[in-house]
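Asker: Prediction below, plus the sequence it came from.
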Amino acid sequence: MTLTVIRNQSLFLAIFLLLSPLRASAAFGFQLDGSLDKNAISKSYFEGDFHRILPPLEAWRNSRSPKTREDSIFVYKYLSVIYAADSTTRPRAESYMVQLLKLMPTIELVDMYISDNIEAIFKDVKGKFFDQQQYIRNHDELGRTRQDSATVIAKNDSKTGKLGPAKSNQWIWWTVGGVGLAAAVAGSYYAFHEESSSPTNKSFEP
């Protein structure tokens, strides 16, 4: 059975689940209330029946029913491994692995008894994911470090006068005021000195 056929079955199952909420018996992988039957899916997985569990997993992912974080982790975990087992669907597997890591960055796949090849794929995706997260934390969208970006913004703000324009001009008025005061004092002193030394102001001596 090809993956194309499986995906078509998944779509049919998703439509069936949406249109038949009151069905008498649940489809494989689902409980009567529409929730995932994780025990049945896990049992079939470890029995190697991947083709059976793929349709309900994809149907759940494509459905509009409320999704819990735990269910999402469960689904992306199984989908990642199943699609990674086929070289033709590796890009899809890597996409699901990224979604899985976003939900649970510390998760591992050792409990899935995966092959060395799948383990290497997941390790590579996980390493790139953490590198990406570290880069996003340290750089802005233009590739500049956050610290350099903040410095550039501060410099631009200072050039446009956004950082305390009144404070930046105060020294001018203080300087002008100081010079004016000094000139006034010097002028007063000079005038007083000239007036005191003029003949009309000398003391009369008999």
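Answerer: Perfect, thanks for sending it. Numbers count the residues shown, from 1 in each chain.
Asker: Was I right to think residue 122 contacts residue 90?
Answerer: No: taking contacts as Cβ atoms under 8 Å, residue 122 lies outside contact range of residue 90: 11.3 Å. All C-beta atoms are positioned from the backbone trio N, CA, C, and that covers glycine.
Asker: Between those two, which contacts overlap?
Answerer: Common contacts of residue 122 and residue 90 (Cβ atoms under 8 Å, 6 or more residues apart in numbering): residue 84.
Asker: more neighbours, the two?
Answerer: Using other Cβ atoms under 10 Å, the more surrounded residue of residue 122 and residue 90 is residue 122, with 24 against 15.
Asker: ok, the more buried one to residue 84 distance?
Answerer: 7 Å (Cβ to Cβ, to the nearest Å).
Asker: what residues are shared contacts of the two?
Answerer: Joint contacts of residue 122 and residue 84 (Cβ under 8 Å, 6+ apart) are 97, 114.
Asker: how many neighbours does residue 121 have?
Answerer: Residue 121 has 21 nearby residues by other Cβ under 10 Å.
Asker: Contacts only, for the residue nearest to it when sequence neighbours are not counted.
Answerer: With sequence-adjacent residues excluded and distances taken as Cβ to Cβ, 6 or more residues apart in numbering, residue 121 is closest to residue 84, at 5.2 Å. Listed by Cβ under 8 Å, 6+ apart, the contact partners of residue 84 are 90, 93-94, 97, 114, 117-118, 121-122.
Asker: let's see it at 6 Å
Answerer: Residue 84 sits next to 93, 118, 121 when contact means Cβ atoms under 6 Å, 6 or more residues apart in numbering.
Asker: ok, and what's touching the strand or helix carrying the last one?
Answerer: Using DSSP states H and E, residue 121 sits within helix 116-138. For helix 116-138, contacts defined as Cβ under 6 Å, 6+ apart pick out 84, 94, 97-98, 101, 109, 145-146.
Asker: By neighbour count, which of the residues you listed wins?
Answerer: Neighbour-wise, the contacts of helix 116-138 (other Cβ under 10 Å) top out at residue 97, 27 neighbours.
Asker: Helices along the chain, start to end?
Answerer: 3-19, 38-46, 50-62, 69-84, 90-103, 116-138, 146-159, 165-197 (DSSP state H).
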